[in-house]
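Q: Predicted model and sequence follow; I will ask about them next.
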Amino acid sequence: MNALSPWAAAVKTLFHGQDLPYRYKEEISGYTVKVHILNNSAWIAITCPKGTQVVLRPAYAPNNHLQTGKIIREENGVVINLSSSIGHYRVNLQFPDRSKPLVRYTTTFTGNAPLLIPFWPRDMVITGPDESDQNPEGTILITQAGTRSGLQYFTLDKPKSGAVLYFQNLTALNDYAQATETSLGSVVGGTWPEIGFALPPTLKEKPIPAHQEFVISDAFLAFNPVNPKGELEQAKQFLNLLADIYLELPKPNTQYHNWPNILTKGLHDLEFSHGCWSHGAEQDYLNAYVADYKTPPELMVQLAVLLPLTDYYDWCKTELPAVKKIKNGLDAFYNKDLKTVVRFLPALANELDGSEEQLKPNVMDSWYLHHPLLNLGRLAIRGDKQGKKLFLDSLGFTVKVAHHFNYEWPVMYNMETLELVKAETQPGKGGEKDVAGLYALVMLHAWQLTGENKYLLEAKRAAKTLQGKGFQLFYQANNTAFSANAMLWLYKETKEQLYLDLAYLCIANIVQNFQLWECNYGYAKDYPTFFAVFPLGDAPYTAAYEEQEVFAAMHNFLLYAEDEEILPSVSLLIPEFLKYILNRAAYYYPPNLPKQMLSDEVKTGQLDHKLWIAIEDIHDGWEKSGTVGQEVYGAGVAFGIVPRHFYRVPGEDFMIYLDYPTADFRYRKGGNVNFKVKGDERLNCRMLILSQNAKPLPIFKVKGHSGEITNIHHKDGYIEYMVTGNQQIKISWS
């Protein structure tokens, strides 16, 4: 689009071919940064090595004039005080890491009177080099959607001037959102060349209070002078730039949740709550949602709970009645005519009400075939004969479908005829693009089980169709995470760089759907949101089931990566996601939430505030949550967390807990344990030693790469340590 808004046109005129006076200048890694105070705005003009300018507007006084106050030069930047008739501004410009072209500016505002904001211009305009009359060209590859991270990743294409990641730290704006009752969703956006952040307008007639300081912007910009060639290089560059910003980003504290206790309560309610089960075709089956008796049993639901239960059984070696109960009903999902497992229990498929496209007999949502097969394959690899038979008996149909659609799966199709029911998620958006990666992982499990190379070949063919989808590859978070696993597995087998790069593309697609900010307004004051992942590209909420599966898949990704050199940015970001999900996921359980923030109207089934079964959905702070229902198939959250983060020590009455992933956990007789903490050494995690009974804990000595680590907190029942990532830990006791 060639059209410009009046604000963008004014910036172009002001900064093109003008020798403007500046109040501050800095050179950093080949970029020139100047601060100008002109008319009604403060400007930060960043000139790239090829001359393209990224012009930022940290302070703006509509129809007014800014007066410059005290300017304070600091070691890492400058603080500029400004005033106008509407109030006082303070702009703090910083260079957090002078070895990199990384810029941060924070603006605070104190109003002289209550102030309504009907409109606010975006804070970034891209202008061309002084010597050129051509408008600069660029490509916005990622921009904020809903309440995801307030970021934009874009390339400067003409003239080629590299790429930029803009990140607005929305956590800092919570006070503004609370006071004005505005949402921080979709506040970063715009149209080239006028992009970035704009204050949300005060549409509810709730003003900014007078004489109270508010942060109205906290922006980070990470630059790279290289224009990435294609989607695979873009994905890696995006991850690297985000990791650079993440290291400097203020991050919320975490807290320890007693996950074994949550698990015990959840297991009890799963096994004994009537709302979790239905009886049909002479067998008990899990409902998809609590008290959802209308929808026939689904195979995906049964296996989505069975696999985390199996993980937990492998950890505790205690018989779990729910496991046997679920397994008793699995064979009934096999359709002998189609020679495959199906989504809905065939004996009750005639009860589908047809109210939605997928609620009709023989209609298959593409990922709903592959996800159960993936779990059946995982059971088979563990030696489960029932899972192996169902898995192998369904492979022929699965391969037939893949060939029919040429590895490009639609949203829905008819299982009998393979006719399209719904081709695309939205017109022009394509089908379920990440199913090719999910299918590849199913094929790799088939290859592992049978040794037949035709399945490895299928995995390779499917994997290569992920190319060309860029940052639109993501359909559903867990499927994209499984795709990353498949790509890394193929790389380990073939050493072809393409597969490793496709793994990074999958990770980048997941990362762009993170919520890297703490929503702390409205109802969200009662639950954390930092580092949440959204289930779908257009989903308005985060969801327990998809988060649980991304959690498990990211653990597997790091497991596959243990003998490989992977991007440091990926090694940094994934453990942080895992750490924060341990901090957040407890708030999917209704007993941990205030009743008033839960919806009175539920789409499916009912919501029991006392039941330890996760709600599906957590919304923006101004909206109630739990509107979709209480999802039984999300009941595996605790069963996935406990085996991966709590370590039992043979013969001892204590456990070791870390909220980072680890590797090579080894116990040696005589009282010592060794393991490696994953992650980045510049970040840290929490480690606890927990008593499992009322007995006093032994005296421990904990050593890391820098020597002995002392405990920071000692409460009844546990000892707490803070340890950095990427180090070997030795714990000994007497």
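A: Nice, thanks for sending it over.
Q: hmm, which helix or strand of this structure has the shakiest average pLDDT?
A: Ranking every helix and strand in the chain by mean pLDDT, DSSP states H and E puts helix 6-15 at the bottom, with a mean of 84.
Q: Show me which residues of stretch 560-579 are buried.
A: The neighbour-count check on stretch 560-579 (16 or more other CB atoms under 10 Å) flags 560-561, 566-567, 569-579 as buried. For the C-beta atoms, the positions are set from N, CA and C on the backbone; glycine is no exception.
Q: Repeat that for stretch 359-376.
A: Buried, per 16+ other CB under 10 Å, within stretch 359-376: 360-376.
Q: Let's see which of these end up in helices.
A: Taking DSSP state H as the definition of helices, the buried residues of stretch 359-376 contribute 366, 367, 368, 369, 370, 371, 372, 373, 374, 375, 376.
Q: Quick one: list the elements packing against the helix or strand containing residue 89.
A: In the assignment (DSSP states H and E), residue 89 maps to strand 87-94. Contacting strand 87-94 under the criterion 3 or more CB pairs under 8 Å, 6 or more residues apart in numbering; DSSP states H and E are the following elements: strand 31-38, strand 41-47, strand 53-60, strand 77-83, strand 102-111.
Q: can you redo the ones you listed as TSV with mean pLDDT and mean neighbour count?
A: Formatted as TSV, the helices and strands packed on strand 87-94 follow (pLDDT from 0 to 100; neighbours: other CB atoms under 10 Å):
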stretch	mean pLDDT	mean neighbour count
strand 31-38	96	19
strand 41-47	96	23
strand 53-60	96	24
strand 77-83	98	20
strand 102-111	98	21
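Q: that older thread, just send the ones in helices among the buried residues of stretch 359-376 back as JSON lines, with distance to residue 262 and pLDDT too.
A: Listed next are these as JSON lines, based on distance: CB to CB, whole Å; pLDDT from 0 to 100:
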{"residue": "366", "distance to residue 262": "33", "pLDDT": "97"}
{"residue": "367", "distance to residue 262": "28", "pLDDT": "97"}
{"residue": "368", "distance to residue 262": "28", "pLDDT": "96"}
{"residue": "369", "distance to residue 262": "32", "pLDDT": "96"}
{"residue": "370", "distance to residue 262": "30", "pLDDT": "97"}
{"residue": "371", "distance to residue 262": "25", "pLDDT": "97"}
{"residue": "372", "distance to residue 262": "26", "pLDDT": "98"}
{"residue": "373", "distance to residue 262": "30", "pLDDT": "98"}
{"residue": "374", "distance to residue 262": "26", "pLDDT": "98"}
{"residue": "375", "distance to residue 262": "23", "pLDDT": "98"}
{"residue": "376", "distance to residue 262": "28", "pLDDT": "98"}
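Q: For these, please prepare CSV with the additional fields distance to residue 442.
A: Shown next, in CSV, are those (distance: CB to CB, whole Å):
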residue, distance to residue 442
366, 12
367, 11
368, 13
369, 9
370, 5
371, 9
372, 10
373, 5
374, 5
375, 10
376, 9
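Q: Excluding chain neighbours, what is closest to residue 322?
A: Excluding the flanking residues, the one nearest residue 322 by CB to CB, 6 or more residues apart in numbering is residue 271, at 5.1 Å.
Q: And the host helix or strand of that neighbour, what's buried?
A: Element membership for residue 271 (DSSP H and E) is helix 259-272. By neighbour count with 16+ other CB under 10 Å, helix 259-272 contains the buried residues 259, 260, 262, 263, 266, 267, 269, 270.
Q: repeat for stretch 699-718
A: 700, 702, 703, 704, 709, 717, 718.
Q: just the residues you listed: which has the poorest pLDDT?
A: Ranked by pLDDT, those bottom out at residue 717 (86).
Q: For stretch 650-666, measure first residue to last.
A: By CA to CA, to the nearest Å, the extent of stretch 650-666 from end to end equals 11 Å.
Q: Tell me where the stretch 201-350 of the chain has strands.
A: For the stretch 201-350 of the chain, the strands defined by DSSP state E, counting those that start in this stretch occupy 213-224, 277-280, 283-286, 334-335, 340-341.
Q: deepest of those, which one?
A: Stretch with highest mean neighbour count among the strands of the stretch 201-350 of the chain: strand 340-341 (a mean of 24; mean count of other CB atoms under 10 Å).
Q: Adjacent strands (with direction) for that strand?
A: Counting by DSSP bridges, the strands paired with strand 340-341 are strand 334-335 (antiparallel).
Q: where does residue 349 land on pLDDT?
A: Residue 349 carries a pLDDT score of 88 in this model.
Q: How many residues are close by it?
A: 15 (other CB atoms under 10 Å).
Q: need the contact list for it.
A: 296, 342, 361, 362 (CB atoms under 8 Å, 6 or more residues apart in numbering).
Q: got the contact list for the closest residue in space to residue 472 that isn't next to it in sequence?
A: Spatial nearest neighbour of residue 472, chain neighbours left out: residue 433 (6.7 Å); criterion: CB to CB, 6+ apart. Counting by CB under 8 Å, 6+ apart, residue 433 makes contact with 466, 469, 472, 473, 474, 475.
Q: relative to strand 31-38, how tilted is the strand holding residue 89?
A: Strand 87-94 runs at 170 degrees relative to strand 31-38, counting by axes from the mean of the first three to the mean of the last three CA atoms, to 10 degrees.
Q: partners of strand 87-94, with directions?
A: In the sheet, strand 87-94 lines up against strand 77-83 (antiparallel), strand 102-111 (antiparallel) (DSSP bridges).
Q: for the stretch 451-600 of the chain, what spans make up the helices?
A: 453-464, 477-494, 497-511, 544-560, 568-584 (DSSP state H, counting those that start in this stretch).
Q: For residue 441, which of those is the nearest?
A: For residue 441, the closest of the helices of the stretch 451-600 of the chain is helix 477-494, at 3.8 Å, according to CB to CB.
Q: Report all helices and strands that the closest one contacts.
A: Here helix 477-494 touches helix 366-381, helix 435-450, helix 453-464, helix 497-511, helix 544-560, going by 3+ CB pairs under 8 Å, 6+ apart.
Q: Okay, angle between that helix and helix 435-450 too, please.
A: 50 degrees.
Q: Go through helix 477-494 and flag the buried ones.
A: 477-491.
Q: What is the nearest of these to residue 309?
A: The closest of those, once distances to residue 309 are taken by CB to CB, is residue 478, at 17.3 Å.
Q: my guess is that closest one meets residue 553, correct?
A: Yes. Counting by CB atoms under 8 Å, residue 478 does reach residue 553; the two are 6.6 Å apart.
Q: if I read this right, residue 628 contacts residue 614, doesn't it?
A: No. With contact defined as CB under 8 Å, residue 628 does not count as touching residue 614 (11.1 Å).
Q: All set now, cheers.
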